[in-house]
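>>> following is a predicted model, sequence given first.
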Amino acid sequence: MNSSVITFPGSNCDRDMDVALKKFGFKNKMVWHDDTELPKSDLVVLPGGFSYGDYLRCGSMASKSKIMHSVINFAKGGGKVIGICNGFQILVESGLLPGVLLRNKYLEFICKNVHVTINNKENSFFKDFDKDTVEFHIAHNEGNYFCSNEQLKEIQNNNQIALFYSDADGNIDEKNNPNGSIKNIAGIFNQEMNVLGMMPHPERMIDPALSGEDGSIFFKNLINNLK
Amino acid sequence: MKVSVIITLKKDVLDPQGKVIHQTLDGMGFNGINEVRQGKYFVIDTKENDKKVAEDKVEEMCKKLLANLVIEDFKIIGSQ
């Protein structure tokens, strides 16, 4: 399985993602934002960080960079794309995913472990996941998912919500909403289910000595389902 | 020609920064404020001399990059 991680100026989770993908068997290549062509890939990952210093709006500059033309074509041709954190912001700014990520409701940078509950397993990202609720890490200032009422209806009707913020038992309520996201949304798919954007960082949960192992489930499952 | 444009959050989008500014102003004794909404202001100096053409270009820039139309409105407020 070949994967590509795109590095934008200001990306800072690109190497963590490289380590995670390689640990679970991907042959990963790092791709610079100014390149025009993607290497042969079964998966493209837009990593977390602060591309272009979050100028204008988070992800807005990166979404117009040269490599994004190829990423958009890759996604439109059915290629699997994951955007984590700033990568999620880049995906919404590029139009590959609906909605937008606003400043956190309580104006705090949030950096902590949270639980998320998987809403839809009928896709290559979460199929065969043996847990419904997992513990991932979040670290963001703009993770407050927002979309218009019409868009919300549409993503609900198409079952495009990937993850909800919840407690460890899977209770999805305001108490367990860290950033004010509509309906506790932590991640969404595009309509065709080949593009996933999520605020939590599974690549930070792949080593029991450092954190937890729920990220390992994510990557193991991913490589098995992409085969 | 210099084109000025302001970008503001749409009415129904929560503006937590505006809210905090409002509270702070209240605390400073500026009473009677109904609401504060924060926005962005751009001055774009183009080589274009024709006002209509320059404003049309800036409008396109707003739609493609400067504003995110899911949450923001833009308004060209002057050209000189």
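Thanks, I have it. Numbers count the residues shown, from 1 in each chain, chains lettered A, B, ... in the order given.
>>> where does the prediction get shaky in the chain?
As the question left the chain open, I've gone with chain A. Within chain A, no stretch has pLDDT under 70.
>>> list the contacts of the single nearest residue of chain A relative to chain B.
The minimum distance from chain A to chain B, using Cβ to the nearest Cβ, falls at residue A:100 (4.7 Å). C-beta coordinates here come from the backbone N, C-alpha and C atoms, glycine included. Shown in contact with residue A:100 (Cβ atoms under 8 Å, 6 or more residues apart in numbering or on different chains): A:92, A:93, A:145, A:146, A:147, B:68, B:70, B:71.
>>> quick check: nearest residue in space to it, chain neighbours excluded?
By the measure of Cβ to Cβ, 6 or more residues apart in numbering or on different chains, the closest residue to residue A:100 outside its immediate chain neighbours is residue B:70, 4.7 Å from it.
>>> then residue A:78?
Using Cβ to Cβ, 6+ apart, the nearest residue to residue A:78 is residue A:194, at 5.5 Å.
>>> and the one you found, what does it touch?
Contacts of residue A:194 by Cβ under 8 Å, 6+ apart are A:75, A:78, A:79, A:80, A:81, A:124.
>>> cool, residue A:113 as well?
A:135, A:136, A:137, A:138, A:211, A:212.
>>> near the residue nearest to residue A:100, how many other residues are there?
For residue B:70, the count of nearby residues is 17 (other Cβ atoms under 10 Å in any protein chain shown).
>>> quick one: the helix or strand of chain B with the lowest mean pLDDT near chain A?
For chain B, using mean pLDDT, DSSP states H and E, the weakest element among its helices and strands is helix B:16-27, scoring a mean of 91. Yes: Helix B:16-27 is in contact with chain A by Cβ under 8 Å from any Cβ of the partner chain, via B:16, B:17, B:20.
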